[in-house]
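**Student:** I would like the atomic coordinates for the input below:
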Amino acid sequence: MYGKQTSVNAKMEGDVAYYSVQQIAELLGGGAWWDNSAKVFYARTRDLFAIDESPYYTAVAAFTDNTKGYYTNGAADWADYKKMTFTPVKSAIIYTRDGKGNLTDVWIPMNTLSGVFSFKAAYSNVKGVNTWTLTDAPFVREFTAVGKETYKRVPVTEKPVNVTFNGKTLNVRPAVRENGAKYYPVYAILKFIGIGYDRDSWDKNHDFDWEANAWADVVEAHNQWFFTRIVAWKNGVAILSGGNDFYIDIEPFLRSLGFDVTFTENKGTMTLSVKLSDEMRSVTVVDTNEKQQTEHFASINKSHYGEIAKSRVFVNINGGVSALDVTDDGLYVTTYDANYQQLSSSKISAELPIFGGFYSGVQYNYIVFGQKNEEESQYKEVVRIVKYDKNFNRLSGLSVTNDLIIATGDKGIQIPFDFSNGCEMAEMGNSLVISMSKVQLKTGDGLNHQTSLQIFADTSGFGISLTKIGNDNYVSHSFYEGVVFDGSTPVFLNLGDSYPRSLRLGRPDGGGKYDFVTLHDIQQTKTYQFTGVNVGGFEMSATSYLAVAAVSGNYETSEDEQRNIVLFSVPRGQFGNYAVQKNVLAKYIGTDRNASAPMLVKVSDNLLVVLWEEFSAGGVPSLKYVRVDADGNTLGAVVTTSAYRLSDCKPIAFNGKVVWYVNFDGKKAFFELSF
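**Tutor:** Next comes the predicted model:
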């Protein structure tokens, strides 16, 4: 059996051979035992699967002293043989007993045993050697995927179906349910198309749940590396076999993984063709050093604060893209060509302990570092802006000390970049502006308040010098920092929880003051830090300023509340509250789904893309994206794909595509969406 040969004992009565139930049960992975209290001799085989570390059985049999036959049940419940189905045995049954009269074994003919344990038995005699070849019976066990099992035997067809993928063919025998639906062996097919899988994914409720937020192993197909996500599969029925596989409705399952599936029939031969979808073909996975990356998948909003992104993608001078990864060990830059072939890798030493932000300018790159000032010195360096050429050779640095900040009337910095997305930068010609958050020095009330801050620098030549430090665009607390240049005028986006309690735009009026536009007012609550808003992006189009956010209707909590995806827009020439437009791109409040913070990508002055991840009640993510025009109007419907994931890496426009990457297990997956 299973390619192995084992000698077994037999008892002969006339021309009939009787075989040990216990020995055959053990060969089938189970065993047999005497239940003295019930006075029943039980025997069973074991599945190769376990649920809650408890074995489930393909067949259970019970023999008693006073019956000429046996009771069978295809379930794990062997405790009460009276609930089993009785099958009489036409031939004799041989019992062996111990000294107390208890049954120690039962001997019956092999053909009867095959019925007891549901296998096929074929006899042959070669050169005087009697041989029985045992194979799995052509049926599998069916169970529902939501908490309970039904032990119906479902036949497997003898007629194979051809599964084709990448020029290869696999023959499988589908299981056919009563309604005629064909279910296919999922492990065999996944292995055939090159996808790894996790068999230890049964939860305590016996759900068929394939690691809802996990990723499958790396796959190689069409000479291209990619990976895919295994989704929870709790809909419908799955069929569990007594062997090393189980059967499901394979077509929707494979489609959920990013494959195209078609069925054809030619002269009675059924073929199931599996191909990579166009989406999967646009994913490229490359090997990296696991120590040179930080994993950060998109998730359901669980914080009212912004977070500093630790992975950045940007266009390099080689016609490809580069990745910047911020780790505890330092900053790593990996350079790729347009086909994601690695060209170089280098490490950038952090000049101060805290990473605040990165900006890829037209001619130069900039990184902002900071350090804590817990001693509350009025003279300590708290922020440093470092200027690099496009190959990350250091050119110069701008040191910002606390006395320079305090001289403007500001309270100075105790901790830079805290409780927000750190800092964002924009440039226009030789002008660079940094919009950042900070925890300031103690004030008269003895507290360290968190506020916004703006730093302006001149980047002429190879140097960088301080132009101005200001807080005319004051926000406290400030949980998001965004900035763009409109001509020579900087425009700021901030999320405030108190002063103001809103999502707000700020723009200099040309006379030394600022004009402000409220995109979204936030209801006052007892815990004012809870805003119910997660901002995901800020851009300027040909006609408008646009911001995208996940917005909740509940401002009392920050944990897992449902949030709608909202795009806010204001015409550049009508900078006032009256001109604010709110476009709800996706509604999640009151549904069984939720969303991550969205991201906003500027493809051109007249085309932008909003991306976010949607999570079902079971936590299964899928990517959503929609195109919008310069005024924030949607161009077509929201598109859904299960083949992609988001991370904290903000996507960019590159070669007519939207590109970003996800770090996982020492690898980078680059994703592309074409527009």
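
**Student:** any idea whether Leu190 is helix, strand or coil?
**Tutor:** Assigned by DSSP: H, G, I helix; E, B strand; the rest coil, the conformation of Leu190 is helix.

**Student:** number of nearby residues for it?
**Tutor:** When neighbours are defined as other Cβ atoms under 10 Å, Leu190 has 21 of them. C-beta coordinates here come from the backbone N, C-alpha and C atoms, glycine included.

**Student:** how far away is Tyr644 from Val601?
**Tutor:** Applying Cβ to Cβ, to the nearest Å, the value for Tyr644 to Val601 is 14 Å.

**Student:** Would you mind telling me which of those two has the busier surroundings?
**Tutor:** Neighbour totals were compared for Tyr644 and Val601, and Tyr644 leads with 25 against 22 (other Cβ under 10 Å).

**Student:** Was I right to think the more buried one contacts Pro621?
**Tutor:** No - the pair Tyr644 and Pro621 does not pass the contact test of Cβ atoms under 8 Å, sitting 9.3 Å apart.

**Student:** circling back to that earlier point, mutual contacts of Tyr644 and Val601, please.
**Tutor:** Common contact partners of Tyr644 and Val601 (Cβ atoms under 8 Å, 6 or more residues apart in numbering): none.

**Student:** how about the helices of the stretch 351-500 of the chain, start to end?
**Tutor:** Using DSSP state H, counting those that start in this stretch, the helices found in the stretch 351-500 of the chain span residues 402-406.

**Student:** how about the strands of it, start to end?
**Tutor:** Applying DSSP state E, counting those that start in this stretch to the stretch 351-500 of the chain gives strands spanning 354-360, 365-370, 381-388, 394-401, 415-416, 423-428, 431-439, 450-458, 465-470, 476-486, 489-499.

**Student:** So for Glu539, which of these sits nearest?
**Tutor:** strand 476-486 (6.7 Å; Cβ to Cβ).

**Student:** if we can go back for a sec, including mean pLDDT, mean neighbour count and distance to Gln293, could the strands of the stretch 351-500 of the chain go into CSV?
**Tutor:** As requested, those are exported to CSV (pLDDT from 0 to 100; neighbours: other Cβ atoms under 10 Å; distance: least, Cβ to Cβ, whole Å):
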stretch, mean pLDDT, mean neighbour count, distance to Gln293
strand 354-360, 98, 21, 14
strand 365-370, 98, 24, 17
strand 381-388, 98, 22, 21
strand 394-401, 98, 17, 23
strand 415-416, 98, 22, 24
strand 423-428, 98, 21, 22
strand 431-439, 98, 25, 25
strand 450-458, 98, 22, 29
strand 465-470, 96, 15, 34
strand 476-486, 97, 22, 25
strand 489-499, 97, 23, 28
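
**Student:** export those to TSV and tack on distance to Ser7?
**Tutor:** Shown next, in TSV, are these (distance: least, Cβ to Cβ, whole Å):
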stretch	distance to Ser7
strand 354-360	69
strand 365-370	73
strand 381-388	75
strand 394-401	77
strand 415-416	76
strand 423-428	76
strand 431-439	77
strand 450-458	78
strand 465-470	89
strand 476-486	74
strand 489-499	76
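
**Student:** who wins for proximity to Ile522 among the ones you listed?
**Tutor:** Among the strands of the stretch 351-500 of the chain, the nearest to Ile522 by Cβ to Cβ is strand 489-499 (7.3 Å).

**Student:** The closest one - contacts with which helices or strands?
**Tutor:** Applying 3 or more Cβ pairs under 8 Å, 6 or more residues apart in numbering; DSSP states H and E, we find strand 489-499 packed against strand 431-439, strand 450-458, strand 476-486, strand 502-508, strand 533-540, strand 544-552.

**Student:** Keeping just the C-alphas, turn that strand into CSV.
**Tutor:** Presented in CSV, the C-alpha positions along strand 489-499 are these (Å, rounded to 0.1, in the frame of the first residue of the first chain):
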residue,chain,number,x,y,z
THR,A,489,3.4,79.4,-3.1
PRO,A,490,3.5,76.4,-0.6
VAL,A,491,0.1,74.9,0.2
PHE,A,492,-0.1,72.8,3.4
LEU,A,493,-2.5,70.0,4.5
ASN,A,494,-2.8,69.2,8.2
LEU,A,495,-5.1,67.0,10.3
GLY,A,496,-5.7,68.7,13.7
ASP,A,497,-7.5,67.4,16.7
SER,A,498,-8.0,70.7,18.6
TYR,A,499,-6.5,73.8,17.0
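
**Student:** what are the pairing partners of it, and which direction each?
**Tutor:** Strand 489-499 sits in its sheet next to strand 476-486 (antiparallel), strand 502-508 (antiparallel), going by DSSP bridges.

**Student:** Could you dump these into TSV and include distance to Gly3?
**Tutor:** As requested, the strands paired with strand 489-499 are exported to TSV (distance: least, Cβ to Cβ, whole Å):
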stretch	distance to Gly3
strand 476-486	63
strand 502-508	66
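
**Student:** and of those strands, who's closest to Ala32?
**Tutor:** With Cβ to Cβ, the closest approach to Ala32 among the strands paired with strand 489-499 belongs to strand 476-486: 66.5 Å.

**Student:** and that closest one, how far from the chain's centre?
**Tutor:** Centre-to-centre, strand 476-486 and its host chain are 29 Å apart (Cα atoms, centre = their mean, to the nearest Å).

**Student:** relative to strand 533-540, how tilted is it?
**Tutor:** 20 degrees (axes from the mean of the first three to the mean of the last three Cα atoms, to 10 degrees).

**Student:** returning to what we had before: out of the strands of the stretch 351-500 of the chain, which is closest to Ser596?
**Tutor:** Closest approach to Ser596 among the strands of the stretch 351-500 of the chain is made by strand 476-486 (15.2 Å; Cβ to Cβ).

**Student:** Are we agreed that Leu134 is in a strand?
**Tutor:** Yes - Leu134: assigned to a strand according to three-state DSSP.
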